[in-house]
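Asker: got a sequence here, can you build the structure:
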Amino acid sequence: MTAFETVVKFFQDSGYFIYASIFIMSIGVAIAIERFVFLTRTRSQNAKLWAQLQPILQSGRLKEAHGLSTQSDAAIGKIVANGLERLQLPGRREDVDAAMEEGMMEIVPRLEKRTHYIATFANVITLIGLLGTIIGLIKGFTAVAAVNPAEKAEMLSASISIAMNNTAFALMVAIPFLLIHAYLQARTSEIVDGLESAKISFLNLMQRLKAESGSAAR
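Answerer: Below is the predicted model of the structure:
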């Protein structure tokens, strides 16, 4: 028997519950791929835009920095644009910080969106696998009740083997899902930490420019 035939027989012997697990697995894989692509692109866009903004901000060309920030789709562009717009009004550093934090509150939920479903699917698939195993065992014990004693051991062994396929498949899916969920959460935290770091750098830079302009005016 080839590997393909073994896999096909595995699914054929697992009963109807295996198809529910496959359906949930498909949705989970689609979400994992979409989140990975989104987070990778977001991280790259943030790094690229911040590398462009830093020398512009350091030279005090705030209008140019604002234009570049508003034109970009990068998450960090929204935060910097909020900060630059608040700088045009009188206020303290805390006011600018609050304006940039407002941008963070809008961005972070988009970064975390749908990631939690992967961990939920891992738990649901495990429970479905256990349910499929229990239903399979019930059917197996019911079937052997009316069989000759000589055939009971062999038939019961086959029924248990088939029933266990559900749990085995569920664990084969749930374990990678939990690892994928942990990885995506780590990538999300990394991006959020980068945004926080850029925000603090921006505030410190604006404070330094304000101090330098005040000293030059004297």
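
Asker: what about this structure, any weak spots by pLDDT?
Answerer: Counting by pLDDT under 70, the low-confidence segments of the chain come to 1, 4, 7-8, 11-14, 146-147, 149-150, 152, 158, 212-218.

Asker: ramachandran angles for the residue nearest to the spatial centre of the chain?
Answerer: Nearest to the mean C-alpha position of the chain, counting by Cα atoms, centre = their mean, stands Thr115 at 3.4 Å. Main-chain dihedrals, Thr115, degrees, to the nearest 10: phi -60, psi -40.

Asker: distance-wise, check it relative to Ile175.
Answerer: Distance from Thr115 to Ile175, counting by Cβ to Cβ, to the nearest Å: 17 Å. In short, each C-beta sits where N, CA and C put it, glycine included.

Asker: isn't Gly129 right up against Ala170?
Answerer: Yes - when contacts are counted by Cβ atoms under 8 Å, Gly129 is listed as touching Ala170 (2.5 Å).

Asker: now do the shared contacts for these two.
Answerer: Counting by Cβ atoms under 8 Å, 6 or more residues apart in numbering, the contacts common to Gly129 and Ala170 are Ser21.

Asker: how about stretch 162-174: buried residues?
Answerer: Ile162, Ala163, Met164, Asn165, Asn166, Thr167, Phe169, Ala170, Val173, Ala174 (16 or more other Cβ atoms under 10 Å).
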